[in-house]
Structures are given as structure tokens and as C-alpha cells.
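# give me coordinates for this.
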Amino acid sequence: MEIKRDAYLEQLKIRKDNGMIKIITGIRRCGKSFLLFVLFKKYLLESGVDNDHIIEIALDGIENEELRDPKKCYQHIKDAMKDDQKYYLLLDEVQFMSRFEEVLNSLLRISNIDVYVTGSNSKFLSSDIVTEFRGRGDEIRIYPLSFAEFYAAFDGDYDDAWEEYMIYGGLPQVVQFSVERQKAEYLKNIFTNVYIKDVVERNKLRNVDEIDTLVDILASAIGAPTNPTKISNTFKSERGINYSNKTISNHIDYLVEAFLISKADRYDIKGRKYVGANLKYYFTDVGLRNARLNFRQQEPTHIMENIVYNELLIRGYNVDVGIVEAYAKNDEGKTTRKQFEVDFVVNQGSQRYYIQVAYDMTSEEKQKQEFNSFRNIPDSFKKIVVVNGTKKPWRNEEGFVIMGMKYFLLNADSLEF
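The predicted model follows:
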């Protein structure tokens, strides 16, 4: 089964020899190493670069443990450069090296080397890109397989692919397994022994149970507004544990930094401002989310919302969750101020889209619920409802676009309908 990452490969191609350090970030096991050491290396060789002018170092391998020392790594790279021709350094999991930014800054001063590194922790990468490389660091964010990438490698029809993707997600290794039990065991194993272990060790956490429980709570609440106070109350009521708001907030940050989850801020559309309380959190891979809950909580509406959110990030959009306040009549006929939810406020440059995600919209009540939020938005940006299934896109009499999940996921320009 061949997995293609053409969009990411193209991003590397256009950045080749641009004088900047290319820093490929993303959750561990999402395919960063495959992209760099297989796909990009193949491209370099086909472009005429000699194999001995490609320097490969995987810092997470025990065989390269010595090279985690910055001085030894730098000297190893210098020793591999035998002439004045162009060299290409492919350096994997750079966060394993202490003071890695010093090594990379030193390499920037060498004119005949083009540097590509990968890393799995944003705290050690994104902030350093800004502060240390002074505009000479170029970050490329990699995600697990989008549904389009997954479907292209899947041996089966759309319905089977969609069902599998909703359960097991898009980590590249999972796609290679043919037996469902293998997929489930792999996901559960790496969650505990790779992701949680990394977070605990990197942040020197003493209480593993706290971070474990926090992950379980977040996994159960994808797509639901929450905040540290709510989570703290859940700990007290369900677990009998006192877990401070500050500790919860810090631990959530650690999970975000490890690319395990993403945070969606709440945006007041009419007030044109961000609202601090009650953010939403989504998992970078829904298979990991499901594995964390032992595949018990199969909630198609929330999983579908999580997949749409991830797809929008993959396409390069900035994504918030929206609220819009308006006056509406309650069940007693009284006019009251009401807050309507908009699943996603999607921005890219001057473009904006409002998106609702609905697993089923056959009832009039459900249609009213989804459309009422749109009706109270006082601007003319495109408003889209993504529904489960294979429905082709159409525009209703109010100008709202309704499209099936298949069309949305398999057409990169689906928002332009």
C-alpha cells in the first residue's frame, strides 16, 4: 500500500535551497520521517543530488545517541562534508538534542548546506524558530493522513473507508494493518508508551494518573465547550481528586505542545472579539481519541466535527468556534437574549467561512437549529453546512450551502462552491 504526501512534499520542494532551516513539526508517528527520509530523499536523488551529499541523522535512534550532544553532532556533520558542493542535511527528531538551536544557527553560517529537521514538540520548536533563528526558520506543520490521503491508499469503497477512518483515524502505520485488532492495539499502545510517556518525561510530571485522567476527560468531551474549572469539578465529583485550575491549564498546554490535541478559541462574531471562557479541544487524530476510550464512546456527530476541524487545519485555515448573540422568543413567547453557536469560524487572508457540522439534518427542527445561527450573523461571508453522507453541494433559497462529507473531504476547494 503506497501512501502519498504530495502536498507536503511540494512544500519542501518549493523551499529547497531558500537559505532557511526547514522545520517539519507534528505529532510523533504522523509521517514526518517518511516524508523526509523517503519521499524527499527520493526527490533529491531524482533531481541529481549524489547520495553521499545527503546527510541523514535520526536522533531518536539508539545508534545515534552520541550525536544528541550538540558539539559531537555538529562535528559529525562537518566531517561528512568533503567538498564545496551542496549538501542536504536531514535531521530527525531534533528535540532529542540539547541546545539544538545553537547547532542549527551554526549551520546557517555554512553556505553549502541546506538543512531540514523534524520535531514533535512545539514548545521546543515554534518559540525557538521566532527567537533564535531571527526569521530564518521555516516551519511546515504535518498532520496524520487526511481522509483524501487515507482514501487514496485504502482498498475499498467510500463507505468502508469512511467507517474505518472514523474509528481508527489516519496515522500512517494504522493504514498498513489489515486486522482491526492490530489497529486497536497499536493505537492504545502508542498512546500510553509514546505520547503520554513523552509528555510526562519532557515536562517532568510526577503524577501520571492526573495527566491520564485529564486525557480521558478531554477525549470524552471533544467538541464540547469546557474550561479548567469545569474539568476541576469533574475531577472532584467523579474521582475525588483536587486538581487545581492552574495545573489543569498547564497540563492541557503540554498536550497541545505535543500536538496531541488542538485548542479552538471562542469568537464573538457580532462583538468581533475573542471570549476567554469555554474553549473547545479536538484530537489531532480521532483514532487516538477512540483508542483512549477503548473504542467505547462512538459518537459520530462529535467525531465528524473533529474530522472537519482537522481537515480545515490541514488546508491551512485558522479555525475558531463561533458564538452570535441575538434576541429570540423562548418557549413561553417572551423575547430574550440568546447565544447561538457556530461550529467553526474559518479564516484565511481576507476570506471567511462559517461552517456548521450536522450528522443528520433530515428533521425540520435540526435544520432550524443549524440555520438559525447563520440567520443571526450580520455579514455576507459564505455559510456552509457539512452533513454526513455523499450529498452533492447545493445552495438553498437563503444562500446557505449544504454539502455532504464526501464532497467536503475529497475536494480541496470544496469551500469555494
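# nearest residue to the middle of the protein?
Thr284 (4.2 Å; CA atoms, centre = their mean).
# kindly list the longest helix within this structure.
helix 300-314 (DSSP state H).
# how about low-confidence regions in the stretch 1-150 of the chain?
The model of the stretch 1-150 of the chain has pLDDT under 70 over residues 1, 123-134.
# roughly how far does the closest residue to Arg136 other than its chain neighbours sit from Tyr87?
Excluding its sequence neighbours, the residue lying closest to Arg136 (CB to CB, 6 or more residues apart in numbering) is Met20, at 4.9 Å. Bear in mind the C-beta positions are built from the backbone N, C-alpha and C, glycine included. Noted for Met20: a distance of 16 Å to Tyr87, by CB to CB, to the nearest Å.
# got the contact list for the residue nearest to the centre of the chain?
27, 30, 143-144, 259-262, 310 (CB atoms under 8 Å, 6 or more residues apart in numbering).
# ok, now with 6 Å
27, 259 (CB atoms under 6 Å, 6 or more residues apart in numbering).
# what pLDDT does it get?
At Thr284, the model reports a pLDDT of 98.
# got the phi and psi for it?
phi -60, psi -30 (degrees, to the nearest 10).
# picking that back up, hang on, isn't the residue nearest to Arg136 packed against Gly135?
No: counting by CB atoms under 6 Å, Met20 stays clear of Gly135, with 8.3 Å between them.
# of these two, who's got more company?
Neighbours were counted for Met20 and for Gly135 using other CB atoms under 10 Å; Met20 has more, 17 against 8.
# what's the distance between the more buried one and Leu39?
20 Å.
# which residues sit against the longest strand seen in the chain?
Ranked by residue count under DSSP state E, the longest strand found in the chain is strand 335-348. Applying CB under 6 Å, 6+ apart, the contact partners of strand 335-348 are 267, 312, 317-320, 322-325, 327-330, 353-357, 372-373, 376.
# now with 8 Å, please.
Here strand 335-348 has contacts from 264, 267, 269, 305, 308-309, 312, 316-330, 352-357, 372-374, 376-377, 415, using CB under 8 Å, 6+ apart.
# for stretch 29-38, same thing?
Against stretch 29-38 from outside (CB under 8 Å, 6+ apart): 3, 5, 8-9, 12, 24-26, 56, 58, 90, 92-93, 116, 118, 120, 142-145, 171-173, 190, 194, 259, 284-285.
# now, of those residues, which are buried?
Buried by 16 or more other CB atoms under 10 Å: 3, 5, 8, 12, 24-26, 58, 90, 92-93, 116, 118, 120, 142-145, 171-173, 190, 259, 284-285, out of the contacts of stretch 29-38.
# show me those that map onto strands.
Checking the buried ones among the contacts of stretch 29-38 against DSSP E, those in strands are 24-25, 58, 90, 92, 116, 118.
# which of the residues you listed sits closest to Thr226?
Nearest to Thr226 among those, counting by CB to CB, is Thr25 at 25.6 Å.
# is that closest one bridged to anything, and to what?
Gly119, Arg141 (DSSP bridges).
# quick one: contacts for it?
32, 118-120, 122, 125-126, 139-142, 259 are the contacts of Thr25 under CB under 8 Å, 6+ apart.
# pull the most distant pair out of the residues you listed.
Top of the distance list for the contacts of Thr25 (CB to CB): Lys32 and Ser126, 14.8 Å.
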